[in-house]
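Engineer: when you get a sec, could you give me coordinates for this:
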Amino acid sequence: MSTKWSPQEVIHRDYNNHPPAFAPGYKTSVLRSPRNALISLQNSLSEITGPVFSQQDIGPLDNDLILNYAKDGLPIGERIIVHGYVRDGFGRPLKNTLVEVWQANAGGRYRHKKDQYLAPIDPNFGGCGRVMTDENGYYFFRTIKPGPYPWRNQVSDWRPSHIHFSIFGEAFAQRLITQMYFEGDPLIKQCPIVQAINNDDAVRTLIAELDTHAAVPLDCLAYRFDLVLRGQRATLFENRTQGAAR
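Structural biologist: The predicted structure follows:
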């Protein structure tokens, strides 16, 4: 028996919330933004099938960035927990979703050969991890709060403290990428990347709120960051126009 289709099952995307590809204040977008109309290509079989992730693919320390690279001691910096839910546009949980994260260390430096910022590398901090959502779409990980850092945009531009998120769907073409900022950071409103977003509500979806109820006494604070893939309260994703949500 067929089910009657309801128009409420489809939530159309609001492209006005997405920053333009060409944003002169964000200098590298000038060279990276397309000059011609985009061309729609049919997905190949490899793009619409797999990979299939499971809890068996996750190591015991993959969601603990405090310990997963520690060698001769613990990393330096403020210990925090980041947690939240991954949901669709109707509030339904997305279980068994792979969430990958990467970030700078407490001094604002990435463990990457092209990062030449003068802050030192922390030998006990790798800056990346991953976690699968549970049956309720819930995820959490421990980490060190990343520091801000200067970048070669304008002379005095600094990136706010942030953590990069990658959300995988059921295929390679279903990958969404975003950044999480921290409540109360004064650098957020000064960041040219954030300023390219012309909707304050969309910016707020990128800011994690301090969650003292999830904090561990005498150990670490916690931040709540929910990810909504579609709908009016959808999280702003960097590659929304290229990627596809579930």
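
Engineer: against Gly77, how distant is Gly108?
Structural biologist: Per CB to CB, to the nearest Å, Gly108 is found 10 Å from Gly77. Backbone N, C-alpha and C define where each C-beta goes, glycine included.

Engineer: which one of the two has more residues nearby?
Structural biologist: Gly108 (20 against 17; other CB atoms under 10 Å).

Engineer: and the more buried one, what pLDDT?
Structural biologist: On the pLDDT scale, Gly108 is placed at 98.

Engineer: that one is in contact with Pro120, isn't it?
Structural biologist: No. Judged on CB atoms under 8 Å, Gly108 makes no contact with Pro120 at a distance of 10.4 Å.

Engineer: shared neighbours of Gly108 and Gly77, anything?
Structural biologist: Gly147 (CB atoms under 8 Å, 6 or more residues apart in numbering).

Engineer: quick check: the spatially most central residue of the chain vs Arg175, distance?
Structural biologist: Central residue of the chain (CA atoms, centre = their mean): Phe165, 2.3 Å from the mean position. Plainly put, Phe165 is 11 Å away from Arg175 if you go by CB to CB.

Engineer: can I assume the residue nearest to the centre of the chain sits in a strand?
Structural biologist: Yes. Applying DSSP: H, G, I helix; E, B strand; the rest coil, one finds Phe165 inside a strand.

Engineer: and for the closest residue to it other than its chain neighbours, the neighbour number?
Structural biologist: Nearest in space to Phe165, with sequence neighbours left out and distances taken as CB to CB, 6 or more residues apart in numbering, is Thr178 at 5.1 Å. Close neighbours of Thr178, defined as other CB under 10 Å, add up to 20.

Engineer: now swap in the one 3 residues further on and tell me
Structural biologist: As a burial measure, Tyr181 scores 22 neighbours (other CB under 10 Å).

Engineer: you'd agree it is up against Phe165?
Structural biologist: No. Using CB under 8 Å, Tyr181 is not in contact with Phe165, being 11.3 Å away.
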